[in-house]
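Asker: no sequence for this one, just the structure:
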């Protein structure tokens with residue numbers, strides 16, 4: 001039985017994405033139903049962590065204080081909805097970086113595994129882009145594509161990793177998980 005853990009991408013899964021990056025707390029807006037979906041996971045005993053590329057830091061579009069303020073807004077909004085995320089893992093590097101943490105590389109997922117001391121085989125990992133799904137599948141996570149954010153484009157244009165499941169949004173993923181992963 002996989003650990004009761006769910007890994008979520010942030011932009012396009014939890015909050016509305018922007019082609020110009022989410023650069024301030026004011027720009028961070030939850031996707032309808034996403035905060036309540038996370039709260040339902042928490043109530044069912046799941047740990048929820050976020051794995052997010054935040055190259056805007058590396059590009060100088062915003063600084064770490066701003067990223068922390070955006071995440072503080074997310075934490076407060078989740079708390080108000082009765083939910084929480086247990087940890088946020090992020091890559092601040094630009095796409096030209098040689099780091100191992102920027103998705104589609106699996107370094108962020110390895111760090112989650114090491115930090116939480118869990119095997120990620122079968123752990124649901126939810127994203128809206130191909131790189132989210134590629135990074136998680138390296139460590140045996142269950143790749144799940146949501147059609148929010150970039151998800152519809154990803155679904156129609158990409159060769160998805162084998163076994164990728166597709167759902168309309170995070171709330172639909174949570175419905176499936178709480179039904180016991182049955183169709």
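Answerer: Structure received. Predicted, not measured: the structure shown is a model, and the values here were computed from it.

Asker: give me the three-state assignment for residue 50.
Answerer: Classification of residue 50 using DSSP: H, G, I helix; E, B strand; the rest coil returns strand.

Asker: what segments of this protein are strands?
Answerer: Secondary structure of the chain by DSSP state E: the strands cover 5-8, 47-53, 87-91, 124-127, 142-146, 165-167.

Asker: what packs against the lowest-mean-pLDDT helix or strand in the chain?
Answerer: In the chain, no helix or strand scores lower on mean pLDDT, DSSP states H and E than helix 55-58, which sits at a mean of 92. Under the contact criterion of 3 or more CB pairs under 8 Å, 6 or more residues apart in numbering; DSSP states H and E, helix 55-58 touches helix 64-80. (C-beta placed from N, C-alpha, C; glycine too.)

Asker: want to throw the strands of the chain into a markdown table with mean pLDDT and distance to residue 23?
Answerer: As requested, these are exported to a markdown table (pLDDT from 0 to 100; distance: least, CB to CB, whole Å):
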| stretch | mean pLDDT | distance to residue 23 |
| --- | --- | --- |
| strand 5-8 | 98 | 20 |
| strand 47-53 | 97 | 14 |
| strand 87-91 | 97 | 14 |
| strand 124-127 | 98 | 21 |
| strand 142-146 | 98 | 23 |
| strand 165-167 | 98 | 28 |
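
Asker: need the contact list for residue 31.
Answerer: Counting by CB atoms under 8 Å, 6 or more residues apart in numbering, residue 31 touches 13-16, 148-149, 169-170.
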